[in-house]
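Colleague: build me a structure from this.
(2 chains)
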Amino acid sequence: MRVRLFRRLVTAVVLAVVLLPIYWMVATSLKTYREITQDATLYPHAPTFNSYVLLFKDKGFSSFLTNSIVVTAASVVIAVAFGSLGAYAIARFRLRFGLERKAGLALLTLRIVPAVVILVPVYLLILQLKLIDTWAGLILVYTAFNITFCVWMMESFFHEIPLDLEEAAMVDGDSRLTAFIRIALPLAAPGLAATAIFAVIATFNEFLFALALTATPRAMTMPRGTGTLIGRINTDWASMAAAGVVGALPIVVFALLVQRHLVRGLTMGAVK
Amino acid sequence: MFGVLVYPLWNGLQTSTKLYRYGRAVSDIGLDNYRRLWSDPEFLNALWITLRFVTIAVAIETVLGFALALFCAKELSGIRLLRTVLIVPMVITPVVVAIVFRLMYANETGMLTALSLALGGGKVEILGDPLKAFIGLIVLDVWEWTPLVFLILLAGLQSLPQEPFEAAQVDGAGAWRTFIDLTLPMMRPILAVAIVLRTIDAFGTFDQVFVLTQGGPGTSTKLISLYGYEVAFKFQQTGYAAALFVTVGLLILALALAAVRLLRRVEAT
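Modeller: Okay, the predicted model is just below:
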């Protein structure tokens, strides 16, 4: 009985620690100016959506959202398409000098080093290509990040698929490509889903490169737009909170919808 | 597409040997940028702050995450709710996490102040004080990333074979002995994965400091990534920034390789 109570207590504490800060942000976004600065109330006494209306009317949040969705979707789709092909090649083909294994190792090295390390050269590259402050520039960079991630994740999934199945299909007249599409890809689908989900979350949330590579609402992504807004409005707490809620909502909803795949993918990679 | 990642690495090395003025390369200066780095007090300071931040944050996350995972591994009811809720901090945009914590720490209007006032205390000031701001940053990181460690370790615990534990129970081993002699050694590789993963990520922390403190007050929370960013974009010293990032990248790579090697040796014995 005592053990049970203790368990409940721990669970409650964890939930409170995780949720209270988020509650505070949502609550602040619904409060009036007076309530925030003078009364320090614990909940909004007269909830108002004023801050949200302002956000979309004056501060261009709808264009941030569009930019984020376009850039994320494009880079993840391209990366998953090419990445799974690349991963399949590394998993199945044996090249001279063990080249395929070296490629795998190189990819791993790229993943180990935090992206911030190549910020300066990437910036110079995009500058040379005249793609600063465009969708294309962001898509190019994010696709590159996502492709290495996809190849790295997908390679191990393809490894787990028994070779016999594809060989049987090829004996029956499939080419390498049709065998890949008809046999290997469907079998790796759960892994593919997890990979794509991770890529979506990482891309949507990316801030540093968006900060360096965009300058106007034309191409600014959601985190980028939110970040600048915060820099400008130092004490407009309600707007800040509303920006936070709007900025986080799409990705949190997405993550909760695909939760099962997310947890599986997360743990699959580490435990293996 | 590979060009976008591999070419910059090479280009970064080249850039790091040049002197930039007003966004243009003006001369080749060989390794001078690297020499300058080790006598730059701000760089060394940022490196030191980053090392402290990473060590403390990852240590707390590992202990907390492991404790929670052990706690959840036995009982399966209620775990689903906990897991759903714990996903949220990890997936929220890091910029927004920083906003969440700014709203908590704000000395006039923050949650801590509001709670303190409701309990009859005074105002709470976090971000104005160097030490408190640093602790505040660590608390943010722990809030955001303990769930990841937890989920990885939980999956690890659930994948352990059952027989040794049953045998231990038959032999009458206590909970503590079972933990020290069975759970810990068997979990070591997964623990190592979680720690290495978090350490590497924590070294690259940028968004959260950028929004929460901008490195302040003073330089108390100026992590190496933020300093590098400022050198590159605020002070426009492109070559020097490239050298800085190359150095940091090599440090992290060395650290990761050392960790992997250490892990292998532990496995062998």
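
Colleague: for the chain, what's the longest helix?
Modeller: Because you didn't say which chain, this covers chain A. Ranked by residue count and defined by DSSP state H, the top helix of chain A is helix A:61-92.

Colleague: hmm, no, I was thinking of chain B.
Modeller: helix B:41-74.

Colleague: related to what we said a few turns ago, list the buried residues of the longest helix of chain A.
Modeller: A:61, A:63-65, A:67-68, A:71-72, A:74-76, A:78-80, A:82-92 (16 or more other C-beta atoms under 10 Å in any protein chain shown). To be clear about C-beta, it is placed using only N, CA and C from the backbone, and glycine gets the same treatment.

Colleague: what of stretch A:18-31?
Modeller: Neighbour-count burial for stretch A:18-31 flags A:18, A:21, A:22, A:24, A:25, A:27, A:28, A:29, A:30, A:31 (criterion: 16+ other C-beta under 10 Å).

Colleague: show me where the stretch 151-269 of chain B has its helices.
Modeller: B:163-170, B:175-178, B:184-203, B:207-212, B:224-229, B:238-268 (DSSP state H, counting those that start in this stretch).

Colleague: burial measure for residue A:133, as a count.
Modeller: Other residues lying near residue A:133 total 16 when counted by other C-beta atoms under 10 Å in any protein chain shown.

Colleague: one more: residue A:43?
Modeller: Counted with other C-beta under 10 Å, residue A:43 comes out at 12.

Colleague: so what's it up against?
Modeller: Listed by C-beta atoms under 8 Å, 6 or more residues apart in numbering or on different chains, the contact set of residue A:43 reads residue A:27.

Colleague: doesn't it lie inside a helix?
Modeller: No: judged by DSSP: H, G, I helix; E, B strand; the rest coil, residue A:43 forms no part of a helix; its state is coil.

Colleague: where does residue 135 land on pLDDT?
Modeller: The chain I'm using is chain A. For residue A:135, the model assigns a pLDDT of 88.

Colleague: ah, I was thinking of chain B
Modeller: Reading off the model, residue B:135 has pLDDT 90.

Colleague: let me see the contact set for it.
Modeller: Contacts of residue B:135 (C-beta under 8 Å, 6+ apart): none.

Colleague: tell me the phi and psi of the residue of chain A found nearest chain B?
Modeller: Taking C-beta to the nearest C-beta as the measure, the point where chain A comes nearest chain B is residue A:114, at 2.7 Å. Backbone torsions for residue A:114, taken as degrees, to the nearest 10, come to phi -60, psi 150.

Colleague: that one against residue B:252, yeah?
Modeller: Yes: the criterion here is C-beta atoms under 8 Å, and residue A:114 meets it with residue B:252 at 6.7 Å.

Colleague: for the longest helix of chain A, enumerate the helices and strands it packs against.
Modeller: Counting contacts by 3 or more C-beta pairs under 8 Å, 6 or more residues apart in numbering or on different chains; DSSP states H and E, helix A:61-92 packs against helix A:99-112, helix A:135-160, helix A:189-205, helix A:222-232, helix A:237-257.

Colleague: ok and it relative to helix A:189-205, angle-wise?
Modeller: 140 degrees (axes from the mean of the first three to the mean of the last three C-alpha atoms, to 10 degrees).

Colleague: residue B:101: neighbouring residues, count only.
Modeller: For residue B:101, using other C-beta under 10 Å, the count is 28.

Colleague: pretty sure it contacts residue A:21?
Modeller: Yes: counting by C-beta under 8 Å, residue B:101 does reach residue A:21; the two are 6.9 Å apart.

Colleague: who touches both of the two?
Modeller: residue B:143.

Colleague: which non-adjacent residue is nearest residue B:95?
Modeller: residue A:223 (4.3 Å; C-beta to C-beta, 6 or more residues apart in numbering or on different chains).

Colleague: for the one you found, what are its contacts?
Modeller: Going by C-beta under 8 Å, 6+ apart, the list of residues near residue A:223 reads A:68, A:204, A:205, A:206, A:207, A:210, A:247, B:93, B:94, B:95, B:96, B:207.

Colleague: count the neighbours of residue A:181 for me.
Modeller: Neighbours around residue A:181, by other C-beta under 10 Å: 12.

Colleague: sorry, back to before: residue B:145 is nearest to which of the helices and strands packed on helix A:61-92?
Modeller: helix A:189-205 (13.5 Å; C-beta to C-beta).

Colleague: what residues does that closest one touch?
Modeller: With C-beta under 8 Å, 6+ apart as the criterion, helix A:189-205 contacts A:68, A:71-72, A:75-76, A:79-80, A:83-84, A:142, A:145-146, A:149-150, A:153-154, A:156-157, A:185, A:221-223, A:250-251, A:254-255, A:258, A:261-262, A:264-266, A:268, B:91, B:93-95.

Colleague: from the middle of its chain, how far away would it be?
Modeller: From the chain centre to the centre of helix A:189-205 is a distance of 7 Å (C-alpha atoms, centre = their mean, to the nearest Å).

Colleague: can you give me the neighbour number for the closest residue to chain A within the stretch 151-269 of chain B?
Modeller: At 2.7 Å from chain A, residue B:204 is the closest residue in the stretch 151-269 of chain B, using C-beta to the nearest C-beta. Number of residues near residue B:204 (other C-beta under 10 Å) recorded here: 20.

Colleague: can you pull the contacts of the closest residue to it other than its chain neighbours?
Modeller: Once flanking residues are discounted, residue B:204 sits nearest to residue A:114: 2.7 Å by C-beta to C-beta, 6+ apart. Each residue near residue A:114 by C-beta under 8 Å, 6+ apart is listed here: B:200, B:201, B:203, B:204, B:225, B:249, B:252.

Colleague: tell me the phi and psi of residue A:162?
Modeller: Torsion angles, degrees, to the nearest 10, at residue A:162: phi -60, psi 140.
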